[in-house]
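J.: Using only what follows, build the 3D model:
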Amino acid sequence: MQDLIELLEGNPYPGRGIVVGKGAVYYWIMGRSANSRNRVFTATEDGIRTEAHDPGKVEDPSLIIYHPVRRIDGALVVTNGDQTDTIAIDFQGDFRAALATREYEPDAPNFTPRISAICYDNGSFELSILKHENGRCLREFFSYEGAEGGRGYFISTYRADGNPLPSFAGEPIEVGLPTPEEVWAALNADNKVSLYTNVAGDVKIFNKNLGD
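T.: Next comes the predicted model:
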């Protein structure tokens, strides 16, 4: 098991990240461009959505405005893009069938991976990453019957900063579960944008553009 805080403090740009553990879900977004940084998380009836902090500065909303989190019957869906709606609405929670219709983001040369999670009410969960490999889409899925208290599994879009950005590789990393405030503080101050946490049903939202 690795220390999530050390992983985040030692990596200025993991991009977007998901951590799922027993009764806990964390999701954050980061940005290097002005367009990516011009965002906030706002609560919705069934989860959260991203919105432009300054609508007048939006350059391209296609890959930055979406619902990262949606609650459906029996599960919570968390992703880094509009595949949330593919899973939760179009396929009504059929995680693998939904993601079989999607692939990485069309933002060459980075080809940002799509990372997704579905957390079932019985404590089990699944994680997935769809990424570019040799001109094709590699779809990886990881299923867990649950996690021990205080532990979770972490996946992000990128391994580190770079040009182009290197995609996350390998299995989700087993990590300890720090507090939401500790995670927010550990994310790179220049690049972090927003953080959503749900710990035992207690939802917290952090937005750099709103002074958090």
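
J.: was I right about residue 172 contacting residue 142?
T.: Yes: Residue 172 lies in contact with residue 142 (CB atoms under 8 Å); the separation is 5.6 Å. (C-beta placed from N, C-alpha, C; glycine too.)

J.: Compare those two and say which is more crowded by neighbours.
T.: residue 172 (22 against 14; other CB atoms under 10 Å).

J.: shared neighbours, residue 172 and residue 142?
T.: 127, 153 (CB atoms under 8 Å, 6 or more residues apart in numbering).

J.: Spatially nearest residue to residue 85, not counting backbone neighbours?
T.: residue 67 (6.3 Å; CB to CB, 6 or more residues apart in numbering).

J.: what ranges do the strands span in this structure?
T.: Assigned by DSSP state E, the strands in the chain fall at 17-21, 24-30, 39-43, 47-52, 69-72, 75-79, 114-120, 125-133, 136-144, 151-156, 173-176, 192-199, 202-207.

J.: how about these, which one is nearest residue 4?
T.: strand 173-176 (4.0 Å; CB to CB).

J.: what mean pLDDT does that closest one have?
T.: Here strand 173-176 scores 98 as its mean pLDDT.

J.: For that strand, give me every contacting residue.
T.: 1-4, 7, 19, 150-155.

J.: Of the residues you listed, which pair is most distant in space?
T.: 150 and 155 (18.4 Å).

J.: who touches the spatially closest residue to residue 46 that is not a sequence neighbour in this structure?
T.: Spatially, and ignoring its direct neighbours in sequence, residue 46 is nearest to residue 71 (4.6 Å; CB to CB, 6+ apart). When contacts are counted by CB under 8 Å, 6+ apart, residue 71 is found next to 46-47, 77.

J.: Now do the contacts for residue 152.
T.: 4, 19-22, 24, 26, 174-177 are the contacts of residue 152 under CB under 8 Å, 6+ apart.

J.: again, 10 Å this time
T.: 1, 4, 18-26, 125, 144, 172-178 (CB atoms under 10 Å, 6 or more residues apart in numbering).

J.: Okay, and the beta partners of it?
T.: Beta-bridge pairing of residue 152 under DSSP bridges involves residue 21, residue 175.

J.: before we move on, what about residue 69?
T.: Beta-bridge partners of residue 69, as defined by DSSP bridges: residue 48, residue 78.

J.: does it really touch residue 79, like I thought?
T.: Yes: shown here, residue 69 and residue 79 form a contact pair, counting by CB atoms under 10 Å, at 8.3 Å.

J.: So those two - more neighbours on which side?
T.: A direct count of neighbours by other CB under 10 Å for residue 69 and residue 79 places residue 79 higher, at 28 against 23.

J.: Report how many residues lie close to residue 67.
T.: Going by other CB under 10 Å, the residues that sit close to residue 67 add up to 20.

J.: Look at it and report its pLDDT.
T.: At residue 67, pLDDT is 97.
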